[in-house]
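Asker: Predicted structure and sequence below. I'll ask about it afterward.
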Amino acid sequence: MRILYDISSIVRWTGPPVGIARTDRKIALSIRVKHPDIEFVYFDAERQTYRRVNKPWIDPFLHGEAGLNLFGAPSP
């Protein structure tokens, strides 16, 4: 079975990990440990589709070390 987890809000958040952003990251990290085969995705508003996050980028996104530069991108 294929499981997808949407981390759109995580990849878009570039501020400090507070409130929902912090909780969202903790849940995603916990799921990653329990389900190592899970696929993380984010919504690409320009293409109107979900895109898979490449494995080397998952940890930087989940730990707040990376974010997508969406300046000028349409709002989902």
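Answerer: Now that the structure is in, tell me what you want to look at. Numbers count the residues shown, from 1 in each chain.
Asker: Would you map the helices across this structure?
Answerer: 8-12, 19-34, 55-62 (DSSP state H).
Asker: most neighbours per residue, which of these?
Answerer: helix 8-12 (a mean of 20; mean count of other C-beta atoms under 10 Å). In this view, the C-beta of every residue, glycine as well, is placed from N, C-alpha and C.
Asker: for the record, mean pLDDT for the strand ranked longest in the chain?
Answerer: Once the chain is assigned using DSSP state E, the strand that runs over the most residues is strand 39-44. The average pLDDT within strand 39-44 is 94.
Asker: Which positions in that strand come out as buried?
Answerer: Within strand 39-44, the residues that qualify as buried are Phe40, Val41, Tyr42, Phe43, Asp44, counting by 16 or more other C-beta atoms under 10 Å.
Asker: Show me how far stretch 5-12 is from its chain's centre.
Answerer: 3 Å (C-alpha atoms, centre = their mean, to the nearest Å).
Asker: make that stretch 28-43, sorry
Answerer: 9 Å.
Asker: hmm, who's touching the worst-scoring helix or strand of the chain on mean pLDDT?
Answerer: The helix or strand of the chain with the poorest confidence is helix 8-12; it has a mean of 91 (mean pLDDT, DSSP states H and E). The list of residues contacting helix 8-12 from outside it, by C-beta atoms under 8 Å, 6 or more residues apart in numbering, reads 20-21, 24-25, 28, 41-43, 53, 61-62, 66-68, 70, 76.
Asker: Also stretch 21-28?
Answerer: Counting by C-beta under 8 Å, 6+ apart, Tyr5, Ile7, Ser9, Ile10, Trp13, Gly15, Pro17, Phe40, Leu62, His63, Gly64 sit against stretch 21-28.
Asker: And the furthest pair within those?
Answerer: In the contacts of stretch 21-28, two members sit farther apart than any others by C-beta to C-beta. They are Tyr5 and Gly15, at 21.3 Å.
Asker: Correct me if wrong: Ile58 contacts Val41.
Answerer: No. Contact criterion C-beta atoms under 8 Å: Ile58 and Val41 do not qualify, at 10.7 Å.
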